[in-house]
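Enquirer: quick one, what's the 3D model for this:
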Amino acid sequence: MKIIFTIVLALFYCVTPLGYQRAAQAPKQENSRSKKAQHYACPMHPEVTSAKPGKCPKCGMRLRLVKEDVSAEPASKTPGVDGADANSLSSMRIPDVRVYDQNGRQLNFYNDLVKDKTVAINFIFTTCTTICPPLTATFRKVQEKLAEQALPVQLISISVDPTTDTPERLHDFAAKFKAGPGWTFVTGDKTEIDSLLAALGAAVANKNDHTPMILVGNDRAAFWNRAYGLASPTILVNLISDAANKK
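Expert: Coordinates of the predicted model:
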């Protein structure tokens, strides 16, 4: 009996540390997976990633937390612009929400500004002191170059701060940058503007985090693309011209 008891006791001490060690390692492995399952990336330049919060060295935007389900299968792809998925610009539906331009005119966004047109859309707010002034100045140069080429393109600047940006404020902002005919600054009811921004892939919780992205589209050809809004006017005009020529 003593021999049997000694053997059982020996087995207990041999097995228990191993089991305990495995149990202790499990949370570490799980934490390791958790750390690998998230990183920070630039909304405009998804190739810019970091393990820590910070700003994009290319455009200065705040990096946003990206969480990935390591156990999930890769998302299926649907052919579209630049191989984008089903939520890309090529398949989006633009809501025909009621908006107001810088002159206080009431418009229906899709029917009055986008339908059957070639458009370039950026996102601004009038109290911005960082990327909005250069974005708007670039749009002005783009408008001048488009006029030289006689390209009929609708430029649209949507406020991401509609509560502050009244038509009057947008009018003064447009005048400051000498915006010409064919360039519409858009504001409206916050709920409707938020739904519009969401549909365009430009919704942000903090207005200061809005993207320097420009959407370039040819609605008649159902063609949409993204561009970096602080690129040179020549590059942007070439992209817009390519879109205008789509059939």
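Enquirer: gap between Ala174 and Gly54?
Expert: 34 Å (CB to CB, to the nearest Å). For the C-beta atoms, the positions are set from N, CA and C on the backbone; glycine is no exception.
Enquirer: ditto for Ala244
Expert: Remark: distance between Ala244 and Gly54 (CB to CB) = 38 Å.
Enquirer: next: Ser241.
Expert: Separation of Ser241 from Gly54 (CB to CB): 36 Å.
Enquirer: more crowded one of the two?
Expert: Higher neighbour count among Ser241 and Gly54: Ser241, with 16 against 12, using other CB atoms under 10 Å.
Enquirer: that's a helix at that one, yeah?
Expert: Yes. The assignment for Ser241 is a helix, going by DSSP: H, G, I helix; E, B strand; the rest coil.
Enquirer: chain neighbours aside, what residue packs nearest to it?
Expert: Setting aside the residues directly before and after it, Ser241 is nearest to Leu151 in space (CB to CB, 6 or more residues apart in numbering), at 6.2 Å.
Enquirer: got the domain boundaries for the chain?
Expert: Here the domain parsing of the chain from automatic domain parsing is 35-74, 81-244.
Enquirer: any low-confidence regions in the chain?
Expert: 1-37, 42-46, 58-62, 64, 67-92 (pLDDT under 70).
Enquirer: one more time with 50, if that's ok
Expert: 8-9, 11-36, 68-87, 91 (pLDDT under 50).
Enquirer: helices along that one, start to end?
Expert: 2-36, 132-148, 167-176, 190-199, 233-244 (DSSP state H).
Enquirer: quick one: contacts for the spatially closest residue to Val114 that is not a sequence neighbour?
Expert: Leaving aside its chain neighbours, Val114 sits nearest to Asp219 (5.3 Å; criterion: CB to CB, 6+ apart). With contact taken as CB atoms under 8 Å, 6 or more residues apart in numbering, Asp219 is in contact with Val114, Lys115, Asp116, Lys117, Thr118, Val119.
Enquirer: Asp219 and Gln154, how far apart?
Expert: 10 Å.
Enquirer: shared neighbours, these two?
Expert: Val114, Lys117, Thr118, Val119.
Enquirer: grab the two from the residues you listed that are most spread out in space.
Expert: Pairwise distances among those were taken by CB to CB; the largest, 9.6 Å, belongs to Val114 and Thr118.
Enquirer: more neighbours, these two?
Expert: Thr118 (23 against 18).
Enquirer: nearest residue to the more buried one in space, please, no chain neighbours.
Expert: Nearest residue to Thr118 in three dimensions, chain neighbours excluded: Ala244, at 4.3 Å (CB to CB, 6+ apart).
Enquirer: contacts only, for that neighbour.
Expert: Taking CB under 8 Å, 6+ apart, we find Ala244 in contact with Thr118, Leu151, Pro152, Val153, Asn218.
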